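Enquirer: fold the following.
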Amino acid sequence: QVQLVESGGGLVQAGGSLRLSCAASGLTFAMYAMGWYRQAPGKERELVAQISSGGTTYYADSMKGRFTISRDNAKNTVYLQMNSLKPEDTAVYSCAARAAPYGPYDYWGQGTQVTVSS
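Expert: So this is what the prediction gives:
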């Protein structure tokens, strides 16, 4: 049974930082591409960043230079370091896992709330 469990969300002031973690179990983590998505109230879910099994990263334009995705295969964990946070970054952040290099994600976590106050 695959499980993805996010942690690290919370309330932070604008300009602050948070690091999200997503611990995976029930899969061969090193072989999976991992992604972070977010969904704000009343908005569609959007891709934040993703990292391939080989470590290649991709960021949505609005996150470039502020967010960093990384993975620790020994800990079966993917991270999202978020700096220079803005109120518009407020959302539920979820991680996802994908066995194939491309295409839809196979597994999703429950999400963690990030709230950025102005």
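Enquirer: could you report the neighbour count for the residue lying closest to residue 18 once chain neighbours are set aside?
Expert: Spatially, and ignoring its direct neighbours in sequence, residue 18 is nearest to residue 82 (5.0 Å; CB to CB, 6 or more residues apart in numbering). For every residue, glycine as well, the C-beta is placed using N, CA and C. Residues lying near residue 82 (other CB atoms under 10 Å) number 27.
Enquirer: buried residues in stretch 4-18?
Expert: Buried residues in stretch 4-18, defined by neighbour count with 16 or more other CB atoms under 10 Å: 4, 6, 8, 9, 12, 18.
Enquirer: mind checking what secondary structure the spatially most central residue of the chain has?
Expert: Nearest residue to the geometric centre of the chain (CA atoms, centre = their mean): residue 36, 2.6 Å. Following DSSP: H, G, I helix; E, B strand; the rest coil, we place residue 36 in the strand state.
Enquirer: ok, of the buried residues of stretch 4-18, which one's closest to residue 52?
Expert: Distance to residue 52 across the buried residues of stretch 4-18 (CB to CB) is lowest for residue 4, with 16.8 Å.
Enquirer: quickly list what the closest one is bridged to.
Expert: Counting by DSSP bridges, residue 4 is bridged to residue 24.
Enquirer: that one contacts residue 97, correct?
Expert: Yes: assessed by CB atoms under 8 Å, residue 4 is found in contact with residue 97 at 6.2 Å.
Enquirer: joint contacts of these two?
Expert: Residues touching both residue 4 and residue 97 (CB atoms under 8 Å, 6 or more residues apart in numbering) are 24, 107.
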